[in-house]
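**Student:** Quick one, what's the 3D model for this:
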Amino acid sequence: MKAEDFIYAAFLVLGVSLMLFGLAIRRNSSAEDPRDERLRIIQQKFRAVHERAFRRKNIRRYLVRWGAVAFGVCLFLWIVQARSTWPFMVTLRHIAAVPNCDMARLVGLAPALLGEPGYYNRHDADSDGISCEALPD
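**Tutor:** Residues are numbered from 1 along each chain as shown. Below is the predicted model:
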């Protein structure tokens, strides 16, 4: 058990016991008991600590999730680069050119010859080995 979790659990037990103790006092005491005010203050402090701990726990979950996403993206890029024969930025541009010829032109890989980055069979309309040929005027 981590120290933060232990502190959180200890405050939770303390808070529950204080609340139960407070309920018992309210049932058995007069309306003007000075201990009620002290108990109310302690309960407010407990709620504040509980909310901070809960926020911290949510932040931790958020960071773990996004850390896993970042790790996955880095792993994907590493695998792509390991399998590619082109430099890293050219490989990324080649991947960006997948959707259509407009994207290939946008990233500067059109027209592309067979075997070059940016060449995809689906972009080669007449199967002559040149994809995303210049549009006739």
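
**Student:** for the record, mean pLDDT for stretch 86-98?
**Tutor:** Stretch 86-98 shows a mean pLDDT of 87.

**Student:** go on, stretch 58-68?
**Tutor:** 78.

**Student:** Show me how far it is from its chain's centre.
**Tutor:** 6 Å (C-alpha atoms, centre = their mean, to the nearest Å).

**Student:** Would you mind listing the residues in contact with residue 83?
**Tutor:** By C-beta atoms under 8 Å, 6 or more residues apart in numbering, the contact set of residue 83 is empty. The C-beta positions use only the backbone N, C-alpha and C, and glycine is treated the same way.

**Student:** Need the pLDDT of it.
**Tutor:** 86.

**Student:** Distance-wise, check it relative to residue 38.
**Tutor:** Separation of residue 83 from residue 38 (C-beta to C-beta, to the nearest Å) stands at 68 Å.

**Student:** same question, residue 71
**Tutor:** 49 Å.

**Student:** Repeat that for residue 47.
**Tutor:** For residue 47, the distance to residue 38 - C-beta to C-beta - is 15 Å.

**Student:** ditto for residue 125
**Tutor:** Counting by C-beta to C-beta, the gap from residue 125 to residue 38 is 83 Å.

**Student:** Then residue 65?
**Tutor:** 41 Å.

**Student:** cool, residue 89 as well?
**Tutor:** As for residue 89, its distance to residue 38 is 66 Å (criterion: C-beta to C-beta).

**Student:** neighbours around residue 132, how many?
**Tutor:** A total of 22 residues lie near residue 132 under the criterion other C-beta atoms under 10 Å.

**Student:** Am I right that it is in contact with residue 108?
**Tutor:** No - with contacts counted by C-beta atoms under 8 Å, residue 132 stays clear of residue 108, the gap being 11.2 Å.

**Student:** wait, is residue 115 part of a strand?
**Tutor:** No - in this structure, residue 115 is coil, not part of a strand, as judged by DSSP: H, G, I helix; E, B strand; the rest coil.

**Student:** Check what pLDDT it gets.
**Tutor:** At residue 115, pLDDT is 88.

**Student:** swap in residue 10?
**Tutor:** For residue 10, pLDDT reads 61.

**Student:** Cool, thanks, talk later.
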